[in-house]
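**Q** A structural model of the following input is requested.
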Amino acid sequence: MTGRQIFFVANEVNELGGVGRWQTQMARLLAERGHRVTIIGVSPPQMPMNLGENPPFETLTLYERRPPAHHRPRPLLGRFDPAVREQEADRRAAAERLSRIFRAARPGAVIIVTQVWAMEWVARADTAGHPVIGISHESFEASRASSRFERVLTYYRNVDRLLVLTQEDADLWVGEGLNNVGFMPNPLPLTPGTPSPRTEKAVACIGRLSHDKGVDLLLDVWAQAAPRQPGWILRIHGAGEKETELRQQCAELNLDDSVEWAGQTDDVTEALRRSSVCVQSSRREGFPLVLLEAMACGVPCVAFDCSPGVREIVRDGEDGLLARHGSTSELARHLVRLMSDEKLRDTLGTRARENVRRFAPDVITRRWEELFDFLER
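**A** Below you'll find the predicted structure:
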């Protein structure tokens, strides 16, 4: 196989979070299969993620500082407003830099735009001769509730392929008049050799301490579940803007004795191996990597059924348990059920480790390469 030249164009090269982790993993997987990969970020990261030593791909960033949001022209000045003209000049210069990079690419190159904000620059650039693949990493419903919805409809309408995370989401975007939509699940982020022994009385929550991740809802859940299963702890791995507020809520609920704030972790596998259950209480999700990771570690998951991606990963009652979106009482019941039943934990955890193999990295990477071949025809 002759390797292709592949460009990932993103908001940031090494953004902390699920999109950044996915992007880094896919860049590595494709580079390992002989492709020449470059990640291009629009702006420097606000919260950088470690890319590891000697990553097998190149990186560059268009701006030294994050570019400001679009200026609205002041009344009477319109497009002659100096601030608007300066911003337009900056964006044209950045787009021209992209154009030079794409023009110099060899035949067969592919441009993958991982976030719709980054597409605003790619749309201005000269991409002639190279297929452009746009990606939305969130569910249709989450996108529709945000400003990204109209931008997806605007900026991804004419790309060669718009990829979302599930067939269910793809069908919804088709209903909005997009005829270029397909779906591509995220690959399994890790393949641990040994599963969790599921012996420690610990429930793991791994994710950013933000509104969307719903850790405030989880604390309400834990206040219902913990008294029914004394001796168990909720171990929260993560950092974020809501941490102070969440710690205060924890204290007010008298949960300090059963909640451990473990901070951000660079070793997700070890965090999961020290757990017997994984819980996710998100308000919104796309195709959550932590559920894949937990299942790969043989840790059964309990989660809100908040998106097609969640129910695509976790098969309710077969390899994990799903609660109605936002039902803290139901999520608490599911947690108690797993905490109290070792046999059920083992059964679901074993099935989870088997079932998650359908998202193995080699399986997903081959699907990407098949798409590249199709778009080149």
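**Q** make it CA atoms for all contacts and neighbour counts henceforth
**A** Will do.
**Q** all strands of the protein, in order?
**A** Assigned by DSSP state E, the chain shows strands spanning 5-10, 36-41, 58-61, 110-113, 132-135, 161-164, 181-183, 202-206, 233-237, 259-261, 277-280, 301-304, 320-323.
**Q** and the contacts of the fourth one?
**A** It stands for strand 110-113. Residues from elsewhere that reach strand 110-113 (CA atoms under 8 Å, 6 or more residues apart in numbering): 4-10, 119, 122, 130-135, 372.
**Q** only the buried subset of those, as a PyMOL command please.
**A** Those of the contacts of strand 110-113 that count as buried under 16 or more other CA atoms under 10 Å are selected in PyMOL with:
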select buried, resi 4+5+6+7+8+9+10+119+122+130+131+132+133+134+135+372
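**Q** lowest-pLDDT helix or strand in the chain?
**A** helix 82-103 (a mean of 87; mean pLDDT, DSSP states H and E).
**Q** buried residues, it. List them.
**A** By neighbour count on 16+ other CA under 10 Å, the buried set for helix 82-103 is Val84, Gln87, Arg91, Ala94, Ala95, Glu96, Leu98, Ser99, Phe102.
**Q** name the helices or strands packed onto that helix?
**A** Applying 3 or more CA pairs under 8 Å, 6 or more residues apart in numbering; DSSP states H and E, one finds that helix 82-103 contacts helix 116-122.
**Q** so which elements touch the helix it packs on?
**A** Other elements packing on helix 116-122 under the criterion 3+ CA pairs under 8 Å, 6+ apart are strand 5-10, helix 82-103, strand 132-135, helix 148-155.
**Q** what separates Gln224 from Arg345, distance-wise?
**A** From Gln224 over to Arg345 the distance is 20 Å, taken as CA to CA, to the nearest Å.
**Q** compare these two (neighbour count), which wins?
**A** Neighbour totals were compared for Gln224 and Arg345, and Arg345 leads with 23 against 18 (other CA atoms under 10 Å).
**Q** quick check: angle from the least confident helix or strand of the chain to strand 36-41?
**A** Angle, helix 82-103 to strand 36-41, by axes from the mean of the first three to the mean of the last three CA atoms, to 10 degrees: 180 degrees.
**Q** okay, now Thr43: neighbour count?
**A** Slight slip there: residue 43 is Ser, not Thr. Neighbour count for Ser43, taken as other CA under 10 Å: 20.
**Q** contacts only, for the residue nearest to Leu172 when sequence neighbours are not counted.
**A** Of all residues not flanking Leu172 in the chain, Phe140 sits nearest, at 6.8 Å (CA to CA, 6 or more residues apart in numbering). Neighbouring residues of Phe140 by CA under 8 Å, 6+ apart: Asp169, Leu172, Trp173.
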